[in-house]
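> this one's structure only:
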Ligand SMILES: NC(=O)C1=CN([C@@H]2O[C@H](COP(=O)(O)OP(=O)(O)OC[C@H]3O[C@@H](n4cnc5c(N)ncnc54)[C@H](O)[C@@H]3O)[C@@H](O)[C@H]2O)C=CC1
Ligand SMILES: O=C(O)[C@H]1O[C@H](OP(=O)(O)OP(=O)(O)OC[C@H]2O[C@@H](n3ccc(=O)[nH]c3=O)[C@H](O)[C@@H]2O)[C@H](O)[C@@H](O)[C@@H]1O
């Protein structure tokens, strides 16, 4: 099939590459000329394991190209995906500006029957707005489909190529057939494509993210209580997850959830509720817990250092919002580092890949260490903020020798408290005493 993808960010680039890899002819479009120029030069603007190789392979075999010319890409396409950003607006709901602009541009470029697919995360009812925006500017026949995306950054290819499920919202039999054909190479189990109406598809996406965020905040609340009553949340997590009705995924307490989606999508769902006259109290509490959690490490540090951090130097391991990505959007490290700087401390941070993105947030207000141990020289304490694998088994003796004091604030519970104490560290994790 001939496909155009509008918006070449995390989702558009991954979807476009995976569709090309299953034999389709794909053009990824973006308004950001620099991004398209660098993709055409073989450089991938984001860090996502395995993506660069797959892009190169499909570009070399001429199934995948990149362009700023939306009309030229949309004209001959049978399926056009909208994968532009839907950031948070000032009132907390999703800003649909980019989606509706893209829809109008697509409408003007249509040449024959086309399936226009909304892949961006959008509030219930947006498919109708997209349909209107297109219908206003064209007489060509088209259908609008809602096809939310569930991939996770750092496992994006795996998630896209082997999805737990594909959700397709449409009332058109013709569009349903084409979408089924397009996704057939990625679905191997019995029922992984769920066909439904557009509103239910749009809602499914928000409900999924809100449920996952709820699990995390729930565990962060359990962790806070564990600390108060002298339990260890890591034992509790294991005991909970073994119940098949609960399951293990997304039960890790930590420094709060970040990233480009959970924070904005929980807010957007609360806003949708409010617009419909419904206060979603549970989700508001999920957000409140997350805000508290992002501040937790700095509170622990203040308590440990007797109320003042002024003049102290801290090492930070991990800047990205999660491991194996360079994405800093809503990363908990921002709140932790701003909190430390705000209290007059100095910060030396190391992240295996996110330094360049982090510079956009912190500039020269912190120092960047190119190796983990460099962040520890003369440090009053280490903050573990992102659980990169390379931080799991460091040389603890070397760390002690480098640090001014052997103190670790472990925001991801990657170390064993008893062993850390044996090794002579003061260890402060999340939800364990
Ligand atoms: N990042 C993720 O892991 C996931 C994101 N989503 C959703 O997918 C959507 C896209 O997210 P990301 O890929 O992270 O966004 P992104 O910000 O990385 O990329 C969006 C791209 O769209 C481009 N764009 C905006 N207007 C355009 C137009 N009119 N024509 C062409 N290009 C245009 C921007 O220049 C940008 O490069 C959002 O709604 C997000 O909530 C869904 C699942 C996973
Ligand atoms: O809509 C989206 O954009 C995507 O949002 C999340 O994916 P992502 O944000 O890439 O990353 P996650 O692995 O979900 O992690 C999000 C945040 O939660 C935190 N987290 C995750 C799991 C956990 O147990 N505990 C925890 O604190 C992570 O550290 C991270 O800060 C969802 O997992 C995807 O299914 C969804 O498609």
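Sure, I can see it. All figures in this text were calculated on a predicted structure; none of them were measured in a lab. Ligands and ions are numbered 1, 2, ... in the order given.
> looking at this protein, which helix is longest?
Counting by DSSP state H, the longest helix found in the chain is helix 198-229.
> what's next to stretch 299-311, contact-wise?
Contacts to stretch 299-311, defined as CB atoms under 8 Å, 6 or more residues apart in numbering, come from residues 298, 312, 314, 340, 343-345, 380-381, 383, 407, 409, 426, 428. In short, each C-beta sits where N, CA and C put it, glycine included.
> mind listing what's buried along it?
300-301, 304-305, 309 (16 or more other CB atoms under 10 Å).
> my read: residue 6 touches residue 85, true?
No: assessed by CB atoms under 8 Å, residue 6 is found out of contact with residue 85, at 11.4 Å.
> so if I had to pick from those two, which one is more boxed in?
Neighbour count, other CB atoms under 10 Å: between residue 6 and residue 85, residue 6 has more, with 31 against 18.
> related to what we said a few turns ago, of the contacts of stretch 299-311, which is the nearest to ligand 1?
residue 383 (25.2 Å; CB to the nearest ligand atom).
> tell me the bridge partners for the closest one.
Here residue 383 sits in beta bridges with residue 316, residue 409, as judged by DSSP bridges.
> ok, it - contacts?
Here residue 383 is in contact with 297, 301, 314-317, 336, 340, 409, 411 (criterion: CB under 8 Å, 6+ apart).
> ok, it to residue 202 distance?
According to CB to CB, to the nearest Å, residue 383 stands 38 Å off from residue 202.
> got it, and residue 185?
The separation that residue 185 has from residue 202, given CB to CB, amounts to 25 Å.
> what does residue 122 give?
6 Å.
> find residues that contact each of these two.
residue 146.
> poorly predicted segments of this structure, please.
The model of the chain has pLDDT under 70 over residues 189-191.
> residues in it within reach of ligand 1, list them.
6-12, 29-32, 35, 70, 83-86, 98, 101-102, 105, 120-121, 149, 151, 153, 260-261 (CB under 6 Å from any ligand atom).
> which one of the contacts of residue 383 is nearest residue 49?
residue 317 (19.7 Å; CB to CB).
> contacts only, for the closest residue to ligand 1 within the stretch 1-150 of the chain.
Closest to ligand 1 within the stretch 1-150 of the chain is residue 9: 1.8 Å, counting by CB to the nearest ligand atom. Going by CB under 8 Å, 6+ apart, residue 9 touches 30, 46, 83-85.
> save the residues you listed as a markdown table, and put in secondary structure too.
Putting the contacts of residue 9 into a markdown table (DSSP: H, G, I helix; E, B strand; the rest coil) gives the following:
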| residue | secondary structure |
| --- | --- |
| 30 | coil |
| 46 | coil |
| 83 | coil |
| 84 | coil |
| 85 | coil |
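> still on that earlier bit, now, the contacts of stretch 299-311 that are in strands?
314, 381, 383, 407, 409, 426, 428 (DSSP state E).
> of the residues you listed, buried ones?
Buried among the ones in strands among the contacts of stretch 299-311 (16+ other CB under 10 Å): 314, 381, 383, 407, 409, 428.
> what about the helices in the stretch 201-350 of the chain?
233-241, 262-275, 281-304, 332-342 (DSSP state H, counting those that start in this stretch).
> what's next to the second one, contact-wise?
When you say that, I think you mean helix 262-275. 86-88, 91-94, 121, 123-124, 205-207, 209-210, 212-213, 216, 257, 279-280, 283-284, 286-287, 290, 330.
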